[in-house]
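>>> let me see the structure of the following:
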Amino acid sequence: MIDNTCGPSQSAENEAPVLDKKVRYCRKALHGVSRTFALGIELLKEPLRDEIGIAYLVCRILDTIEDSTDLPAKSRVAMLLRAEGEIFDPARFSECAGAIEQLFAQPSLKGADHELCRNTITVLFALHELRPEARVAMEPPVREMARGMAETVKRELRGEGLHLETMEDLERYCYYVAGTVGHLLTSLYALDRPSIIPEVEAELRRHEVAFGLGLQVTNIIKGVTDDIGRGVSYLPLCLFRQAGITIDTLLSRPDDPRGREVVSGLASWTLDKLDEALEYTLALPVSEPDLRLFCGLPLAFAVRTLSLALRSSSVFSENVLKISRLEVTAIHRKMESILDDNDRIRELYREERALVPVSRP
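Got it, this is the predicted structure:
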């Protein structure tokens, strides 16, 4: 799923003085499973803050079912397909939540993501208390995500492991994990903001999938060491073969410069998607600064992360791709100061993009 560093935390101006217990849990859980995404959520005005936050937690639960390779693949496929049909069903979501919680009941499954799955019932009750029209907007992309994730896990049943072989595999995987999120965001924006007139929505629809894909691939690059440590590779294996190195070699020698070659094989494709992510961000009306900041910050951070990956010979080490807190703050302040000026946002993007050492036409 999409998860790039966002700026400093800001409380929503219209936060209710007393929050429902389920919403309080969801806000706290966001910080546990994705501190950076939680900070981005807090940039949004209500009701989008909690609608997108709760939708993210639902997606995170699905993502955790997919990713938990300690659990049998057959059980995970079955649960994802059940979730597709039942999460949004008022008569069945509670039993589905109980089944997910039971799947993750064993104490050996530790960490915030697994703890979130053990509280699925709270998240789904919060989901079903959102505006009905918001749930209608969320349902198609979330169901498509669950169905696509089940197809990914089926690779394990075929003996292929949770690995991607080709760039086509990567694009298909990223579509289900993040392109669907692009659909979801646009639908919620259009529902909530009168400024998203049909012409604006049409422009957002043109770029929404690429917006999700560009950020997701950057996120994959950031998390490559953790993923491989779990026996998962979302970087296509064809790129390792082209670089003349194996995953195991890079894990034992993270400073091997061929690791940079692996990432370089993704650079042009990723930049194309991030270029479209810029157009997605600029299509948002200047009268919606929270939406522009919510989209613009992870875009700037993604380009900075890609630059770090291509400038380092230790891409597969633990900390090399982390953007410093000072850098995060500086980018946040810069972006916030130019939100109403498309030309200056383009200039900031070009400055960040120019730091990515890849030959482009």
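
>>> could you find the closest non-adjacent residue to Tyr349?
Leu278 (5.2 Å; Cβ to Cβ, 6 or more residues apart in numbering). C-betas here are computed from N, CA, C, even on glycine.

>>> find me the pLDDT at that neighbour, would you?
Looking at Leu278, its pLDDT is 98.

>>> same question, Tyr234
82.

>>> pLDDT of stretch 348-361, averaged?
Mean predicted lDDT for stretch 348-361 stands at 80.

>>> buried ones in that stretch?
By neighbour count on 16 or more other Cβ atoms under 10 Å, the buried set for stretch 348-361 is 348-349, 352-353, 356.

>>> on that earlier part again, which residues touch the residue nearest to Tyr349?
Shown in contact with Leu278 (Cβ atoms under 8 Å, 6 or more residues apart in numbering): 299, 345-346, 349.

>>> ok, which stretches of the stretch 201-350 of the chain are helices?
Secondary structure of the stretch 201-350 of the chain, counting by DSSP state H, counting those that start in this stretch: helices at 224-229, 237-243, 247-252, 258-283, 289-311, 325-337, 342-354.

>>> include distance to Glu139 when you put the buried residues of stretch 348-361 into CSV, please.
What follows is the buried residues of stretch 348-361, written out as CSV (distance: Cβ to Cβ, whole Å):
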residue, distance to Glu139
Leu348, 36
Tyr349, 33
Glu352, 35
Arg353, 36
Val356, 37
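
>>> out of those residues, which comes closest to Phe240?
Nearest to Phe240 out of these is Val356 (Cβ to Cβ; 21.2 Å).

>>> quick check, that closest one in a strand?
No - with DSSP: H, G, I helix; E, B strand; the rest coil as the criterion, Val356 is assigned coil and is not in a strand.

>>> correct me, but it touches Thr270?
No - in this structure Val356 lies outside contact range of Thr270 using Cβ atoms under 8 Å: 9.1 Å.

>>> how long is stretch 331-343 end to end?
In stretch 331-343, first residue to last residue: 16 Å (Cα to Cα, to the nearest Å).

>>> next, the buried residues of that stretch.
For stretch 331-343, by 16+ other Cβ under 10 Å, it's 331-332, 335-336, 338-339.

>>> same thing with stretch 292-311?
292-310.

>>> so the closest residue to Leu204 other than its chain neighbours, which state does it fall into?
Setting aside the residues directly before and after it, Leu204 is nearest to Thr186 in space (Cβ to Cβ, 6+ apart), at 4.7 Å. Here Thr186 is recorded as helix under three-state DSSP.

>>> what separates Thr186 from Ala283, distance-wise?
Shown here: Thr186 relative to Ala283, a distance of 10 Å by Cβ to Cβ, to the nearest Å.
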